[in-house]
Structure formats: C-alpha cells, structure tokens
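S.K.: Sharing a sequence plus its predicted fold:
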Amino acid sequence: MSSAHNVFSTGTETKRETRDLLNISQRGSPGVNIMNQSTKREPDQGHDDERDRRATNIFLLIGFLVIVGAGIWLVDAMIGRKKIDDCLAQGRRNCSAPIEAPAR
C-alpha cells in the first residue's frame, strides 16, 4: 500500500483500522485506553463526593441564613432610624422610646 492510497482510501481499510484500534483498546494496551480508565470510579469515591456535596450545601445554607438575618436586622435598624428622623423633623422633643424608671 502506498501512502497516497491510505489518504484517499474509503470503506474497508478505514473500517479495518478502526476495528484494530478497538481490539487493541479492549485488550488494555497502555496509552490507547485512556478514556475508559479516566471515567472509572472507585467505590469509595462516590461516598466522598456525596459527603463533600452535602457539606458544601450545609455551608451554603448557613451562609444564606446569615446573610438573610443580617439583611432583616439592617432593614429593622433603618426603619427605626427613619421613625426617629421623622419625629425630630416634626419638631418633637421626646422621640426616643420611653425610659422606664427602675423599680424601688
């Protein structure tokens, strides 16, 4: 076979070369079966991935709750400050919450 014949060959020779490559990869020739080896998982790795995913989800949930709590606190503080500012803008003097005298 000449190299020009291989470049322009169609049909049986290409199928034969593909079949030969598949047979080599099924026998486990090093370097040819790279994709099959990289997709295999060890049995313990699945449990580790699930544990890592669960830990990440818990961490994200806690972070989300902290951010929501801080937002609620901030909005409440801003509403309280706005009420005091509105009271002072009207000219009132007793705008803060009443201070109770200690019991004797």
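M.R.: On my side now, so go ahead.

S.K.: the longest helix in the chain is where?
M.R.: Scanning the chain for the helix with the most residues, using DSSP state H, yields helix 43-89.

S.K.: Could you chop this structure up by domain?
M.R.: Using automatic domain parsing, the domain parsing of the chain gives 1-40, 43-90.

S.K.: what about the first one, average pLDDT?
M.R.: When you say that, I think you mean domain 1-40. Taken as a whole, domain 1-40 has a mean pLDDT of 56.

S.K.: likewise stretch 69-78?
M.R.: Stretch 69-78 comes out at a mean pLDDT of 98.

S.K.: Kindly report the same for stretch 82-93.
M.R.: 90.

S.K.: List the buried residues of that stretch.
M.R.: Judged by neighbour count (16 or more other C-beta atoms under 10 Å), stretch 82-93 contains no buried residues. For every residue, glycine as well, the C-beta is placed using N, CA and C.

S.K.: Can you name the residues in contact with it?
M.R.: Identification of contacts with stretch 82-93 by C-beta atoms under 8 Å, 6 or more residues apart in numbering yields 95-96.

S.K.: Just the CA atoms of it, as PDB, please.
M.R.: Extracted in PDB, the C-alpha atoms of stretch 82-93 (Å, rounded to 0.1, in the frame of the first residue of the first chain):
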ATOM      1  CA  LYS A  82     -36.300  56.700  59.900                       C
ATOM      2  CA  LYS A  83     -39.000  56.900  62.600                       C
ATOM      3  CA  ILE A  84     -36.700  58.900  64.900                       C
ATOM      4  CA  ASP A  85     -35.700  61.200  62.000                       C
ATOM      5  CA  ASP A  86     -39.400  61.800  61.100                       C
ATOM      6  CA  CYS A  87     -40.200  62.600  64.700                       C
ATOM      7  CA  LEU A  88     -37.300  65.100  65.000                       C
ATOM      8  CA  ALA A  89     -38.200  66.700  61.700                       C
ATOM      9  CA  GLN A  90     -41.700  67.500  63.100                       C
ATOM     10  CA  GLY A  91     -40.100  69.400  66.000                       C
ATOM     11  CA  ARG A  92     -40.900  67.000  68.700                       C
ATOM     12  CA  ARG A  93     -38.500  66.600  71.700                       C
END
